[in-house]
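K.L.:
predicted model and sequence follow; I will ask about them next.
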Amino acid sequence: MLLLISFSSQSAAADMITPLPVRNLDPVMMRFFDPTPDSALRSYDQSWSFELNHHYASLYQFDQLPISQLSVDMELYLFDPVMRLALSDSFELSLRTPVIVPASGVFDDTIQNFHRWFGLPNGGRQYRPNSSYAYALDHNSGAQWQGQNRWEFGNIELSARYHLAGSEHWAMDVLAASKLPTASKSRGWGSGAADIAAGFVTSLHQGDWSAHLEGWLIVPLVKDEPGLRYKKTYSRGSFTVGYRVFDSVGLIVQAQGGNSPYRTAISNLDHPPFLVSFGLRGVTSYGWGWTLAFVENITQVTTQDVSVTAGINWQLN
């Protein structure tokens, strides 16, 4: 589950019903490129735009209990700035430079009480002390990592977007991106190699309704290691429907997921990630916008459990 709050300076009506900026915050998936959905109808009329997002997530995953090869027990803060430069009305470059701050956390009691009140599975949280930290892969085959409770640089992402075709009511963009191996491999935040990706997004906007379909094919350049193998390619995709319920507020429903870049015998690495999001987007009379979204972890593995995100966007001529 995810609660997301953000702000945007885009004032066009279509911006109220663009995709929700939801990210997969599972550390084992963050080792690889995982795109954030966007709209092909987004305006490029400003040269520079900036986005500052703050994510806070609670994660608890073990492949076997009480003894596991893969252990993820933490609360994770992600500072996620994005800078975009529109070189023309059809071409844009962007740079994402995340900073990761893992912590032992403070919400374990609240989460376990929530599960108990509603009769939900506890996910094995009872096997570890509350407010404790673990992030490690140890399968005794030579490929392993051991995370630390300290801040880290994440993987820098470079991307490009080109407006291929469209009109006032529909558009199609082609996308390209590369993840640079700037995050630590030994502590489990990076794969130690770059990823390259190509994709597309098509958007429709008619009256109060909009829809967006986005797809990516991603090539991880990481090589297989003893006991840990990777796929040659993996995919990501999202589908978004938006409806403007008031003059300045839009309702968004979004699904996103794909297949895993791993091919191992550990379900928490191999399982396809999948998220469903529900949210509201709005704009103010001053051109600022806001977003509020709830995101459900469908698979219960390879995605975060609970997160909160807050952000702010602005543009410069």
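P.N.:
Arrived safely. Note that this is a predicted model, so its numbers are computed, not measured. Residues are numbered from 1 along each chain as shown.
K.L.:
so, low pLDDT: which residues of the stretch 151-300 of the chain?
P.N.:
285-287 (pLDDT under 70).
K.L.:
bridging residues for the residue nearest to residue 99 when sequence neighbours are not counted?
P.N.:
Of all residues beyond its chain neighbours, the one nearest residue 99 is residue 79 (4.3 Å), with distances taken as C-beta to C-beta, 6 or more residues apart in numbering. Every C-beta, even on glycine, is put in place using the N, C-alpha and C of the backbone. Listed beta-bridge partners, residue 79: residue 54, residue 99 (assigned using DSSP bridges).
K.L.:
report the buried residues of stretch 300-313.
P.N.:
Going by neighbour count (16 or more other C-beta atoms under 10 Å), the buried part of stretch 300-313 is 301-307, 309, 311, 313.
K.L.:
lowest-confidence one in those residues?
P.N.:
On pLDDT alone, residue 313 ranks lowest of those, at 74.
K.L.:
quick one: the helix or strand that contains that one to chain centroid distance?
P.N.:
Using DSSP states H and E, residue 313 falls within strand 306-316. Averaging C-alpha positions (C-alpha atoms, centre = their mean, to the nearest Å) puts strand 306-316 13 Å from its chain's average.
K.L.:
what are the pairing partners of it, and which direction each?
P.N.:
By DSSP bridges, strand 306-316 pairs with strand 2-8 (parallel), strand 48-62 (antiparallel).
K.L.:
do a quick rundown of the helices in the protein.
P.N.:
27-30, 108-117, 267-270 (DSSP state H).
K.L.:
and the contacts of the last one?
P.N.:
Counting by C-beta atoms under 8 Å, 6 or more residues apart in numbering, the neighbours of helix 267-270 from elsewhere in the structure are 28, 61-63, 70, 72, 260, 262-264, 301-302.
K.L.:
if you set the cut-off to 10 Å instead, what comes out?
P.N.:
Helix 267-270 has contacts (C-beta atoms under 10 Å, 6 or more residues apart in numbering) with 26, 28-29, 61-64, 68-72, 137, 228, 230-231, 259-264, 299-302.
K.L.:
got the CA positions of it in CSV?
P.N.:
What follows is helix 267-270, C-alpha atoms only, in CSV (Å, rounded to 0.1, in the frame of the first residue of the first chain):
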residue,chain,number,x,y,z
SER,A,267,10.4,-16.1,-5.0
ASN,A,268,11.1,-12.7,-3.6
LEU,A,269,13.5,-12.0,-6.5
ASP,A,270,11.7,-13.9,-9.3
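K.L.:
and it, which residues are buried?
P.N.:
268-270.
K.L.:
please name the bridge partners of residue 199.
P.N.:
What pairs with residue 199, by the bridge criterion (DSSP bridges), is residue 175, residue 216.
K.L.:
show me the contacts for it.
P.N.:
By C-beta under 10 Å, 6+ apart, the neighbours of residue 199 are 35, 159, 161, 173-177, 214-218, 235-237.
K.L.:
any of these buried? List them.
P.N.:
Buried, going by 16+ other C-beta under 10 Å: 35, 159, 161, 173, 175, 177, 214-216, 218, 235-237, out of those.
K.L.:
out of those, which is nearest to residue 208?
P.N.:
residue 214 (21.3 Å; C-beta to C-beta).
K.L.:
residue contacts, the residue nearest to residue 62 when sequence neighbours are not counted?
P.N.:
Leaving out its chain neighbours, the residue that sits closest to residue 62 by C-beta to C-beta, 6+ apart is residue 68, at 4.1 Å. Neighbouring residues of residue 68 by C-beta under 10 Å, 6+ apart: 61-62, 124, 127, 134, 136-139, 266, 268.
K.L.:
cool, residue 136 as well?
P.N.:
So residue 136 contacts 68-73, 144-147, 187-188 (C-beta under 10 Å, 6+ apart).
K.L.:
let's see it at 7 Å
P.N.:
Residues near residue 136 by C-beta atoms under 7 Å, 6 or more residues apart in numbering: 71, 145-147.
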